[in-house]
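Asks: Next come a sequence and a model predicted from it.
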Amino acid sequence: MSQNDDLFTYDEDDAVKYIQNVLPQELKEKYSHDDIVYITDVVYDYYEQKGLFDDRDDEEVEIDEDDIIAYARKCAHKDGMKIDDEDMPFLVRGELDYEESLGVF
């Protein structure tokens, strides 16, 4: 992560609202607050697993969106979440867009 202090500006409720706002209309009612929080947690877990929170202030972080989506799908299946595979890119992209709006990466 390029700036660890940016993590403290992250607000889970704001993230959920942001993601719900950018989802296609047909997905807005399909996924609950808890479903979206699950996605935000999975993305955070992905970052931890990849070591993206290590102190590397001088290194630019490359985010592989397809890899994050694949990881989120795998986790959702393993955890028994009822999130359709074809919807996962919209949910993950919403999270990444929220992070980008904060300047996290």
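Replies: Nice, thanks for sending it over. Computed from a predicted model, the values in this text were never measured in an experiment.

Asks: From here on, just use CA atoms for contacts and neighbour counts.
Replies: Fine.

Asks: so how many other residues sit close to D13?
Replies: Other residues lying near D13 total 12 when counted by other Cα atoms under 10 Å.

Asks: likewise A15?
Replies: By other Cα under 10 Å, the residues close to A15 number 20.

Asks: Helix, strand, or coil at it?
Replies: helix (DSSP: H, G, I helix; E, B strand; the rest coil).

Asks: And the residue lying closest to it once chain neighbours are set aside, how far from T9?
Replies: Among residues not flanking A15 along the chain, Y98 sits closest, at 6.2 Å (Cα to Cα, 6 or more residues apart in numbering). Counting by Cα to Cα, to the nearest Å, the gap from Y98 to T9 is 11 Å.

Asks: Same question for V104.
Replies: V104 is 9 Å from T9, by Cα to Cα.

Asks: who has more neighbours, these two?
Replies: Between V104 and T9, counting by other Cα under 10 Å, V104 is the more crowded of the two (18 against 12).

Asks: Give the full set of residues in contact with Y98.
Replies: A15, Y18, I19 (Cα atoms under 8 Å, 6 or more residues apart in numbering).

Asks: Quick one: list the elements packing against the longest helix belonging to the chain.
Replies: The residue-count maximum for a helix in the chain (DSSP state H) belongs to helix 33-49. Contacts defined by 3 or more Cα pairs under 8 Å, 6 or more residues apart in numbering; DSSP states H and E place helix 33-49 against helix 12-22, helix 65-79, helix 88-102.

Asks: Kindly compare burial across the ones you listed and name the winner.
Replies: helix 88-102 (a mean of 18; mean count of other Cα atoms under 10 Å).

Asks: Model confidence for the residue lying closest to L23 once chain neighbours are set aside, exactly?
Replies: Leaving aside its chain neighbours, L23 sits nearest to F90 (6.4 Å; criterion: Cα to Cα, 6+ apart). Looking at F90, its pLDDT is 98.
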